[in-house]
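Novice: please find the sequence and the predicted model below.
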Amino acid sequence: AQSVTQLGSHVSVSEGALVLLRCNYSSSVPPYLFWYVQYPNQGLQLLLKYTTGATLVKGINGFEAEFKKSETSFHLTKPSAHMSDAAEYFCAVRVPGATNKLIFGTGTLLAVQP
Amino acid sequence: DVKVTQSSRYLVKRTGEKVFLECVQDMDHENMFWYRQDPGLGLRLIYFSYDVKMKEKGDIPEGYSVSREKKERFSLILESASTNQTSMYLCASRSGGNYGYTFGSGTRLTVV
């Protein structure tokens, strides 16, 4: 069965500091992995996705994530945090099948301090 | 860009009322989904549909039903609203060849 674990429900960083949001997955088949961002009172927006090929994936707003099969991880990083990065971030894994439905983690709320 | 529109941003309903949450997408996507989002629990799948008039239960279907009479519209129905259904409801759609979802802005439902 597929599942996703996000370590740390709240992460706080200073503006300009490295952002690291952790995601570990469990999947019985080669996983497709996603990161979504949710700004206050909005829906979710796709940041980046890994399907096949290069394991380092670049997304929008300077974020990137690296698929590490040996560690079953897909951590999200950004070299320098900006105030506008404050949001909730969700990691998700695809469930194989006709609809490719997604299983989401419980989310990490990122706060950026001035 | 694909647009997923949820008809209401905020709703307040009374216990026992029948509630309809509407979702419309404009890109001819086959698959549509309803999630509810609660603090500390993330997003949980209520129902999904992979074609007109087709529906499948997700992880938490109890107390909900859905309707998909047209490809672009996917409705979530609370037959008799209860206070434990107070939540943020998110609709999403995706096409067959695209692994990512497009989400609506959400409907925050309060049942009093």
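Specialist: Structure received.
Novice: how far off centre is stretch B:53-70?
Specialist: 9 Å (C-alpha atoms, centre = their mean, to the nearest Å).
Novice: wait, I meant stretch B:45-63
Specialist: In terms of C-alpha atoms, centre = their mean, the centre of stretch B:45-63 is found 9 Å from the chain centre.
Novice: that one spans what distance, first to last residue?
Specialist: This stretch, stretch B:45-63, spans 13 Å end to end (C-alpha to C-alpha, to the nearest Å).
Novice: what sits against the spatially most central residue of chain B?
Specialist: For chain B, the residue sitting closest to the mean C-alpha position, by C-alpha atoms, centre = their mean, is residue B:34 at 3.0 Å. Residue B:34 sits next to B:21, B:23, B:45-48, B:58, B:64, B:66, B:74, B:76, B:89-91 when contact means C-beta atoms under 8 Å, 6 or more residues apart in numbering or on different chains. The way it works is simple: take the backbone N, C-alpha and C, and place the C-beta from them, glycine included.
Novice: in PyMOL, how would I select the buried members of those?
Specialist: In PyMOL syntax, the buried subset of the contacts of residue B:34 is picked out as below (16 or more other C-beta atoms under 10 Å in any protein chain shown):
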select buried, chain B and resi 21+23+45+46+47+48+58+64+66+74+76+89+90+91
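Novice: give the pairing partners of the helix or strand of chain B with the lowest mean pLDDT; include direction for each.
Specialist: Taking mean pLDDT, DSSP states H and E as the measure, strand B:102-103 is the helix or strand of chain B with the lowest mean score, a mean of 90. Using DSSP bridges, the strands paired with strand B:102-103 in its sheet are strand B:87-94 (antiparallel).
Novice: tell me the contacts of the closest residue to residue A:113 other than its chain neighbours?
Specialist: Sequence neighbours aside, residue A:14 is the residue nearest to residue A:113 in space, at 5.0 Å (criterion: C-beta to C-beta, 6 or more residues apart in numbering or on different chains). When contacts are counted by C-beta under 8 Å, 6+ apart, residue A:14 is found next to A:81, A:112, A:113, A:114.
Novice: could you pull up phi and psi at residue 61?
Specialist: Unless you meant another one, I'm taking chain A. Here is the backbone geometry of residue A:61 (degrees, to the nearest 10): phi 60, psi 30.
Novice: run a quick neighbour tally on it.
Specialist: Counted by other C-beta atoms under 10 Å in any protein chain shown, the residues lying close to residue A:61 total 13.
Novice: list the contacts of it.
Specialist: For residue A:61, the contacting residues are A:37, A:47, A:78, A:84, A:85, by C-beta under 8 Å, 6+ apart.
Novice: distance check, it against chain B.
Specialist: Here the criterion is C-beta to the nearest C-beta, to the nearest Å. By it, residue A:61 lies 16 Å from chain B.
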